[in-house]
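Asker: Fold the following, please.
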Amino acid sequence: MKQPTILIVKTGDTFADLISSYGNFEDWIRHGLGVGKEQVRVVNALAFEPLPEPGTFDGAVIAGSHAMVTQNLDWSLAVEAWLAPVVTAGVPVLGICYGHQLLAKAMGGKVDFHPGGLEIGTTPITLTADALSDPLLQGLPPVFNAHTCHSQTVLTLPPGAVNLAENSHEPHHAFRLGHAAWGVQFHPEYTHAIMAGYIHSMSPVIQALGKDPAQVQKQVTDTPEAGQVLVRFVALCNNGHMAH
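Answerer: Residues are numbered from 1 along each chain as shown. You can find the predicted model right below:
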């Protein structure tokens with residue numbers, strides 16, 4: 001059976017010290033997907049590498065970024081314009097953090113800074129009733145831990161989007177659009193060590209918000225259920241039942 005070709009759209013780089021220890025965003029995603037290098041095609045959006053036509057890949061993951069969607073950077077607008085026809089064609093798409101927000105904006109949602117500020121660390125995510133029958137999230141525990149790190153949010157979901165997950169900070173932690181496009185605000189690709197590295201790198205920012213980085217660090221745990229999202233996405237791309 002032919003293995004699916006998963007496109008990873010690279011929208012930025014992580015901190016230099018994390019790259020030297022753990023690799024970059026695209027490496028974390030590929031590892032989380034559980035697929036070999038030959039199954040993945042990385043397109044660097046920042047370098048304006050051409051984004052392939054729908055039909056030439058089986059699924060696409062839009063990665064996280066240290067950029068902000070509201071900056072409307074040229075490369076980001078190019079990904080946004082490319083996303084709409086991919087979603088319309090029914091190709092499976094998974095947007096993570098920045099990718100989640102970009103997917104929402106591309107399809108008519110509203111993205112801006114979160115009124116509650118930065119969400120960072122390991123936090124419980126609660127599934128909505130609609131997630132019980134969702135192809136990607138059904139069968140996950142009703143509440144599970146996930147790693148988070150975001151200052152912006154999807155303030156308004158795109159028309160027709162189904163909200164799938166939330167917590168006390170973030171009302172839109174996951175959504176589905178149509179049959180095959182998902183956004184997750186949390187990071188299924190982060191490991192315990194990567195989350196700890198982010199908290200360490202962002203300690204001054206956390207302190208400026210009046211929070212104790214040591215306390216945030218103490219709450220970091222493994223997040224196997226959140227990690228399932230990437231494995232399940234590959235299975236959906238493999239089935240191909242949504243793409244036709």
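Asker: Listing request: residues of the protein with sub-threshold pLDDT.
Answerer: By pLDDT under 70, the weakly predicted segments of the chain are 1-2, 240-244.
Asker: residues contacting the spatially most central residue of it?
Answerer: The central residue of the chain, meaning the one whose C-alpha is nearest the mean C-alpha position (CA atoms, centre = their mean), is Ile96 at 0.9 Å. Under the criterion of CB atoms under 8 Å, 6 or more residues apart in numbering, the contact partners of Ile96 comprise 29, 61-64, 183-184, 187-189. No exception for glycine: its C-beta is placed from N, CA and C like everyone else's.
Asker: Can you give the contact residues for stretch 129-146?
Answerer: Applying CB under 8 Å, 6+ apart, the set of residues contacting stretch 129-146 from outside is 94, 122-127, 162-165, 173-174, 176, 179, 182, 186-188, 221-223, 225-226, 228-229, 232-233, 236, 242.
Asker: now do stretch 29-39
Answerer: 3-6, 8, 23, 40, 61, 63, 96, 188-189, 227, 230-231, 233-234.
Asker: picking that back up, sort out which one of the contacts of Ile96 lies nearest Gln215 for me.
Answerer: The closest of the contacts of Ile96 to Gln215 turns out to be His187 (CB to CB; 19.8 Å).
Asker: Confirm for me that the closest one is in contact with Cys149.
Answerer: Yes - with contacts defined as CB atoms under 8 Å, His187 counts as touching Cys149 at a distance of 6.6 Å.
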